[in-house]
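> Could you work out the structure for the sequence below:
(chains A and B)
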Protein chains: 2
Amino acid sequence: MAPSNTPIRRGTSRRQLLVGGGAAGLGAVAALGIHQLVSTAEAVATQPELNGAGTVPFYGEHQAGITIAAPAHALFIGLNLLPDADKDSVRRMFKVLSGDAATLTQGRSALADSEPELATTPANLTVTFGVGSKAVELAGQQVPTWLKPLPKFSIDKLDEDLSGGDVFIQICSDDPVTLSHAARMLLKDARSFATIKWSHRGFRQAYGSHASGTTMRNLFGQVDGTSNPQPSDPNFDSLIWEPQGWLRGGTSVVVRKIQMNLDTWDELDRHGREQSVGRYLSNGAPLTSSPEAPEAEFDAPDFDATTAGGLKIIPEFSHVARSRSSDPGERILRRGYNYDDAATGSQISDAGLIFVSFQADVDRQYVPIQRRLDELDLLNQWTAPVGSAVFAILPGCQEGGFVGETLFAEDSTSGATP
Amino acid sequence: MAPSNTPIRRGTSRRQLLVGGGAAGLGAVAALGIHQLVSTAEAVATQPELNGAGTVPFYGEHQAGITIAAPAHALFIGLNLLPDADKDSVRRMFKVLSGDAATLTQGRSALADSEPELATTPANLTVTFGVGSKAVELAGQQVPTWLKPLPKFSIDKLDEDLSGGDVFIQICSDDPVTLSHAARMLLKDARSFATIKWSHRGFRQAYGSHASGTTMRNLFGQVDGTSNPQPSDPNFDSLIWEPQGWLRGGTSVVVRKIQMNLDTWDELDRHGREQSVGRYLSNGAPLTSSPEAPEAEFDAPDFDATTAGGLKIIPEFSHVARSRSSDPGERILRRGYNYDDAATGSQISDAGLIFVSFQADVDRQYVPIQRRLDELDLLNQWTAPVGSAVFAILPGCQEGGFVGETLFAEDSTSGATP
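Prediction:
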């Protein structure tokens, strides 16, 4: 839920940092129906710059939707390939889906789009594709050693129906209607090749309700995602991107649906909550910094600091302490979303976090962190992973190519189109 | 799904019209962390005016969340009172819930708010309360004749678990995190009195992605909600507000979860879709107007116009034709939301519309329209109501009072606090 460990510069905007490969093309605003604006003075004063026309480039060395700041809404889908899938059908599927994504993300309708009007407001739409081991094997490429289910953790309460899958699609947008339409267009084209195994729909604070660059809060009220690696970090590329083979320029994703028990969390007082995480609820700062200064969120935690009585100020079993590592290569890029499903009966909430992390190597970066958290993390008491999946996130492609093409390259070391 | 029938002035902004009793106080923007803004020129140029601090007044003759333009996200909840509920417990419940709503909607934490940081971004949060007949009877007041389940319509495929209820809460906000937090605060306080029977979570196009006043589109791609009554209509008050008794200043709501079969809808071409609704998909204009001019959306349909071959231009069995009435009192104020639940297996979508309409009298206004649509509406082929509920929406209250107080007034004709 909360941070990993490494200090980053204070006061620097997250948006500024998290632009990575695909910078947001937010400029085109004028296209929408400005004549419809309200003409009263108050309304004009509060009229937002529209971001419906905002687009994120589709083509590039890496896929979009990984290092760019996360928009307000996301849908994560795990697909199972049909039993008769083969190399050729997987190739055709990615060619079609990649084509859909290339047009939809630019605010244009997909081929045979039945609701083209719903495609004209991309609102920073991104579509990101991944594969499980079966798709890699069908394509005849080498399966990365980490591309398998995570080791079983003691806190897991996994539902098989919310886990695994052969193909992964992540769709993000600041507009939930755009998201639904894009998902439908993609899933219609996927249906000849695959069925839906699971889907998780998540949200963050809306575009326009907070200053850009504000770190999100999860439904425990915690600031969540503070100490992500930054593109300006010297080892950023090696933390995120696979350097060679058919996956060069790609990465991996871990997607876990984590139930948060808000009812038992409620029984904990504010002090107890802050001790369990190791950060202040007010501003997300480590307990060794100020709970008031907004920039203190980005201070490095001081794990050695003690109280007058000799107790650690940041408890050793807190989430922030357990997730840290002295190994600078043991970091992950988190990009999670809240979920809040329909509660029924005496339940008040069925809510939690769709944990999403990107890293070059799951076994080297994610697993050790999660092992430490599994052994002892105060937050475990209130959380239960119910879904879990690992995918290889495909490299990006250039215009004329398609995401997935390197799976079918003859020479897998070149990453070139066949 | 689509419009009722009466012409409204063209080119007038919906936002301007739909302000009703509680005008949005969108002014206060400066409070948020402006120091965190990105400093690059491009980012500054696209920085929206923040609307996180936007508030809608809670106190007034009418409750908020009815005539004001609908924000991007909504949660509709039907509660069952506990078996031991009585007049006193219902009164206590509304006192507590009304107090929560009065503070949360103004961006302040509710009493014993366990995540106060999630309360500081109201983003036009409104909370609107209603009651079913059981709560009215417990309070010893007269049950309106229309406060009962709707007559059975032939298209209904109702699931009892998605229908009915004793108490209704509608929560709307432009920020989905704010919405989740407000819902949880309210439901925690409701749990001593009631359990959740059903909840529907819905969305519209996001704040900031379209010009204010743009009519929403549903997931069929249709412009949805064009010909709502407007506060400037001479009979607006009588269409919406109950004029007397304990419900004076209140209204009624019909909430129906309507599945839309996007798969079979897809089999229909664009012309067929437009014929079934009687409006153009491009701009929502009636088929007797221009499909290009944006303002044509608000043109009055000409139901008498015929083609050279003598056929009606707007088919008689189209949704817009079947829902019209020559009776100016037979109109409803629609305020629906899209839903898009998780699809599984060979399903591609489990999506539709949370139909929501407000009207002074369900039997006089809603039922005749729905009867005509039930008998013959081309859209019925692709839609199926799966949940249905009717509630009396309580009058507003003044500071010091609470929503629900008139249920407990000794003199039910005065509407005053006991």
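> which residue ranges form the strands in the stretch 201-350 of chain A?
Assigned by DSSP state E, counting those that start in this stretch, the strands in the stretch 201-350 of chain A fall at A:251-260, A:333-334, A:337-341, A:350-359.
> out of these, which comes closest to chain B?
Chain B lies closest to strand A:337-341 among the strands of the stretch 201-350 of chain A, at 4.4 Å (Cβ to the nearest Cβ). Heads up, the C-betas are built off the backbone N, CA and C, glycines and all.
> Need the CA coordinates for that closest one. CSV is fine.
Taking Å, rounded to 0.1, in the frame of the first residue of the first chain, the C-alpha atoms of strand A:337-341 are listed here in CSV:
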residue,chain,number,x,y,z
TYR,A,337,-5.9,2.3,-8.3
ASN,A,338,-8.7,2.2,-5.7
TYR,A,339,-11.7,0.0,-6.2
ASP,A,340,-15.0,0.1,-4.4
ASP,A,341,-17.4,-2.6,-5.4
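> Make a markdown table from the strands of the stretch 201-350 of chain A and add distance to chain B to it.
Below are those laid out as a markdown table (distance: least, Cβ to the nearest Cβ, whole Å):
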| stretch | distance to chain B |
| --- | --- |
| strand A:251-260 | 11 |
| strand A:333-334 | 17 |
| strand A:337-341 | 4 |
| strand A:350-359 | 7 |
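> okay, the ones you listed in JSON lines with mean pLDDT and mean neighbour count next?
Converted to JSON lines, the strands of the stretch 201-350 of chain A look like this (pLDDT from 0 to 100; neighbours: other Cβ atoms under 10 Å in any protein chain shown):
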{"stretch": "strand A:251-260", "mean pLDDT": "97", "mean neighbour count": "24"}
{"stretch": "strand A:333-334", "mean pLDDT": "96", "mean neighbour count": "24"}
{"stretch": "strand A:337-341", "mean pLDDT": "96", "mean neighbour count": "22"}
{"stretch": "strand A:350-359", "mean pLDDT": "97", "mean neighbour count": "23"}
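> A:His319 touches A:Arg273, doesn't it?
No. Counting by Cβ atoms under 8 Å, A:His319 sits too far from A:Arg273 to count as a contact (10.7 Å).
> Tell me the secondary structure of A:Trp198, please.
What DSSP: H, G, I helix; E, B strand; the rest coil gives for A:Trp198 is strand.
> Quick one, grab the pLDDT at it.
pLDDT for A:Trp198: 96.
> residues from the stretch 51-200 of chain A in reach of chain B?
A:51-52, A:54, A:72-73, A:114-118, A:121, A:123, A:161, A:174-178, A:180-181, A:183-184, A:187-188, A:191, A:195-200 (Cβ under 8 Å from any Cβ of the partner chain).
> Can you select the buried ones from the residues you listed in ChimeraX?
Selection of buried members from these for ChimeraX, criterion 16 or more other Cβ atoms under 10 Å in any protein chain shown:
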select /A:51,52,54,72,73,114,115,116,117,118,121,123,174,175,176,177,178,180,181,183,184,187,188,191,195,196,197,198,199,200
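> residue ranges for the helices of the stretch 1-150 of chain A, please.
With DSSP state H, counting those that start in this stretch, the ranges of helices along the stretch 1-150 of chain A come out as A:14-17, A:41-46, A:87-104, A:133-139.
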